[in-house]
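Visitor: what shape does this take:
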Amino acid sequence: MTIIQIPQVDDEPIAAVLRSLAIQPLGADTFRAQSLPQMGRIYGGQVVAQALIAACSTLDEPLERLPHSLHAYFLVGGDPHKPIDIEAERVRDGRSFSSRTAVARQEGRDILTLLANFHIREDGPDYSAPMPDVPEPEKLMSALEYFRTMNNPVGKYLGNTVAFESRHVQDSLYMHKKPKIASSQQVWIKPRVPIPNATPLVGRILLAYVLDQFIMEPALRSRGLSWLSPGLMLASLDHAMWFHRDFDINDWLLLDQNCPSTCSNRAMGSMRVFTREGVLVAEVMQEAMMRVLEPKPGEKSHFEFNVPPAH
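Guide: Numbering: from 1, shown residues only. Sure thing, here's the model as predicted:
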């Protein structure tokens with residue numbers, strides 16, 4: 001068993017993310033992980049990435065047999081103050097493909113299950129859907145600037161803790177309490193500081209980490225909601241990713257997103273990920289519970305609760 005080593009940096013806040021992805025072996029195909037300091041419950045993308053690392057660590061050739069798809073179910077919200085135990089199972093190893101499962105638990109309770117498939121590189125026909133025509137990231141405002149101008153604890157907290165820079169093509173959902181109704185958006189993302197020795201595998205792990213942060217924003221837009229909408233409750237239910245091609249995680253990536261459906265307090269999010277050169281490298285689908293409860297007088301968004309004070 002070869003534990004996948006995630007590169008480390010000294011610069012915060014990306015350093016905290018990378019530390020949380022440095023899982024430790026407990027025994028045969030079992031691992032322990034720790035959580036980032038965060039609001040309320042564990043961020044889902046963190047557990048997906050940790051479970052994927054555990055699954056990759058059971059491969060004989062993890063740098064050659066890369067993950068090409070994963071499917072995860074979020075079962076219950078995790079506690080960021082408690083360790084996470086992850087048990088991987090070697091389901092199948094074929095000549096070209098491998099399959100693994102991984103279950104993340106806290107105190108004996110399953111919080112996430114993941115099935116991941118791996119594939120060696122093969123030559124064959126190559127077609128990539130075209131990227132939408134959007135402004136370059138340098139022409140757009142960084143979300144960090146939004147956070148620094150928000151006059152509330154959430155903005156200050158996010159400005160100090162988000163590890164990836166993001167630049168929305170449309171108005172962001174961080175300040176506009178009633179955004180224009182739409183069902184799609186585009187966002188540029190990249191790490192706030194470069195990740196050293198970012199192999200194709202490390203890039204896929206970090207992409208799995210960060211995309212849960214953005215995937216449901218078109219669903220919010222479809223109902224004229226923002227992250228600051230009073231009474232908003234949002235929780236990921238299941239998550240699927242497909243990795244098509246290698247990419248440089250340190251360069252700008254474009255998230256082309258839409259919401260195909262909302263019903264029964266469930267919402268779907270769909271995303272295509274392109275390199276700056278317009279090459280499609282990954283796709284994501286997620287279903288989430290999305291409820292808007294009648295707020296009590298003076299009640300704020302649930303995403304403003306339990307935020308550590310900014311220093």
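Visitor: CA only for contacts and neighbour counts going forward, please
Guide: OK.
Visitor: which outside residues touch the helix or strand hosting residue 210?
Guide: Using DSSP states H and E, residue 210 sits in helix 200-210. Residues from elsewhere that reach helix 200-210 (CA atoms under 8 Å, 6 or more residues apart in numbering): 6, 45-49, 52-53, 62-63, 66-67, 164, 241, 243, 246-249.
Visitor: roughly how far is it from the heart of the chain?
Guide: Offset of helix 200-210 from its chain centre (CA atoms, centre = their mean, to the nearest Å): 9 Å.
Visitor: helix or strand right after it?
Guide: Next element after helix 200-210 (DSSP H and E): helix 217-222.
Visitor: other SSEs contacting that next one?
Guide: Applying 3 or more CA pairs under 8 Å, 6 or more residues apart in numbering; DSSP states H and E, we find helix 217-222 packed against strand 184-191, strand 253-258, strand 266-275.
Visitor: I'd like to know which elements the shortest one is packed against.
Guide: When contacts are defined as 3+ CA pairs under 8 Å, 6+ apart, strand 253-258 packs onto strand 184-191, helix 217-222, strand 266-275.
Visitor: can you lay out those as JSON lines showing mean pLDDT and distance to residue 113?
Guide: Formatted as JSON lines, these follow (pLDDT from 0 to 100; distance: least, CA to CA, whole Å):
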{"stretch": "strand 184-191", "mean pLDDT": "97", "distance to residue 113": "27"}
{"stretch": "helix 217-222", "mean pLDDT": "96", "distance to residue 113": "24"}
{"stretch": "strand 266-275", "mean pLDDT": "98", "distance to residue 113": "19"}
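Visitor: of these, which stretch is the most buried?
Guide: When the helices and strands packed on strand 253-258 are scored by mean count of other CA atoms under 10 Å, the highest mean neighbour count falls to helix 217-222 (a mean of 24).
Visitor: could you list the residues in contact with it?
Guide: With CA under 8 Å, 6+ apart as the criterion, helix 217-222 contacts 173, 179-185, 226, 257-259, 261-262, 267-269.
Visitor: how about the strands in the stretch 51-200 of the chain?
Guide: Assigned by DSSP state E, counting those that start in this stretch, the stretch 51-200 of the chain shows strands spanning 65-74, 84-93, 97-106, 109-120, 164-168, 184-191.
Visitor: got the angle between the shortest one and strand 253-258?
Guide: Following axes from the mean of the first three to the mean of the last three CA atoms, to 10 degrees, one obtains 50 degrees for the angle between strand 164-168 and strand 253-258.
Visitor: partners of strand 164-168 in the sheet?
Guide: The sheet places strand 164-168 alongside strand 184-191 (antiparallel), with pairing taken from DSSP bridges.
Visitor: give me the contacts around the partner strand.
Guide: Contacts of strand 184-191 (CA under 8 Å, 6+ apart): 14, 134, 137, 163-170, 218, 221, 249-259.
Visitor: picking that back up, which of the contacts of helix 200-210 count as buried?
Guide: 6, 45-49, 52-53, 62, 66-67, 164, 241, 243, 246-249 (16 or more other CA atoms under 10 Å).
Visitor: what is the burial count for residue 133?
Guide: Residues lying near residue 133 (other CA atoms under 10 Å) number 7.
Visitor: what about the nearest residue to residue 104 once chain neighbours are set aside, how many residues close to it?
Guide: Distances taken as CA to CA, 6 or more residues apart in numbering place residue 86 nearest to residue 104, at 4.4 Å, with adjacent residues excluded. Neighbour count of residue 86, defined by other CA under 10 Å: 29.
Visitor: residue 145 now?
Guide: Neighbours of residue 145 under the rule other CA under 10 Å: 12.
Visitor: could you measure from it over to residue 46?
Guide: For residue 145, the distance to residue 46 equals 24 Å [CA to CA, to the nearest Å].
Visitor: so, low pLDDT: which residues of the stretch 101-250 of the chain?
Guide: Scanning the stretch 101-250 of the chain with the threshold set as pLDDT under 70 gives 151-157, 175-177.
Visitor: switch to 80 and redo it
Guide: 146, 148-161, 175-178 (pLDDT under 80).
Visitor: can I get the strands of the stretch 51-200 of the chain in CSV with distance to residue 287?
Guide: Shown next, in CSV, are those (distance: least, CA to CA, whole Å):
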stretch, distance to residue 287
strand 65-74, 10
strand 84-93, 23
strand 97-106, 19
strand 109-120, 14
strand 164-168, 22
strand 184-191, 16
